[in-house]
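Visitor: Got a predicted model here, sequence first, then my questions.
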Amino acid sequence: MIVPTEPNPFAPTSAAERVATERQMREVARRRWEAQQEHERKRQRKQVVDRVKQIRHLRPGRAVANSLSPIYNMFNESFFRAR
C-alpha cells in the first residue's frame, strides 16, 4: 500500500473552497447553457430567413397563378418575365 506524503492537490480542502469550486462549475455550466440557447436562437432565425428567401424567390404571382388557373397564368406570364 502506498502512503501519500502530501494531500491530493486536486481535492478541495476547506468548505469555502468546495463552495467556490461548486459556484465556479455552476457558472461555467450556466455560460455553456446560455451559449447553446443563443446558438439555437441563431439557427432558428437563419432557418426562418432562409424560408422567407425561398418563398420570395418563387415570386408569389407566378407560384399562386400556377396553382390557381392556367388562363390567369397565361395572361400574366409575360408580365412576370418582364419584371
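Guide: That came in fine, so what should we check first?
Visitor: same question for the longest helix along the chain, mean pLDDT?
Guide: Criterion DSSP state H: the longest helix present in the chain is helix 15-57. The average pLDDT within helix 15-57 is 89.
Visitor: And it, what does it pack against?
Guide: Applying 3 or more Cβ pairs under 8 Å, 6 or more residues apart in numbering; DSSP states H and E, one finds that helix 15-57 contacts no other helix or strand. To be clear about C-beta, it is placed using only N, CA and C from the backbone, and glycine gets the same treatment.
Visitor: How many residues are close by Glu17?
Guide: 11 (other Cβ atoms under 10 Å).
Visitor: What separation do you get for it and Pro7?
Guide: 12 Å (Cβ to Cβ, to the nearest Å).
Visitor: now Thr21
Guide: Distance of Thr21 to Pro7, given as Cβ to Cβ: 15 Å.
Visitor: quick one: which of those two has more around it?
Guide: Between Thr21 and Pro7, Thr21 has the larger neighbour count (other Cβ under 10 Å), namely 11 against 8.
Visitor: how close does that one get to Lys46?
Guide: Where Lys46 is concerned, Thr21 sits at a distance of 37 Å (Cβ to Cβ).
Visitor: Repeat that for Val52.
Guide: Relative to Lys46, Val52 is positioned 11 Å away (Cβ to Cβ).
Visitor: what number of residues lie near Ala15?
Guide: 8.
Visitor: Let me fix that, I meant to ask about Asn8.
Guide: Neighbours around Asn8, by other Cβ under 10 Å: 8.
Visitor: Look up phi and psi at it.
Guide: The phi/psi pair for Asn8 (degrees, to the nearest 10) reads phi -60, psi 120.
Visitor: Might you report the residue contacts of it?
Guide: Contact partners of Asn8, counting by Cβ atoms under 8 Å, 6 or more residues apart in numbering, are absent.
Visitor: Mind pulling up the pLDDT for it?
Guide: The model reports Asn8 with a pLDDT of 74.
Visitor: Thr13 is in contact with Pro7, correct?
Guide: Yes - in this structure, Pro7 is within contact of Thr13 by Cβ atoms under 8 Å, at 6.9 Å.
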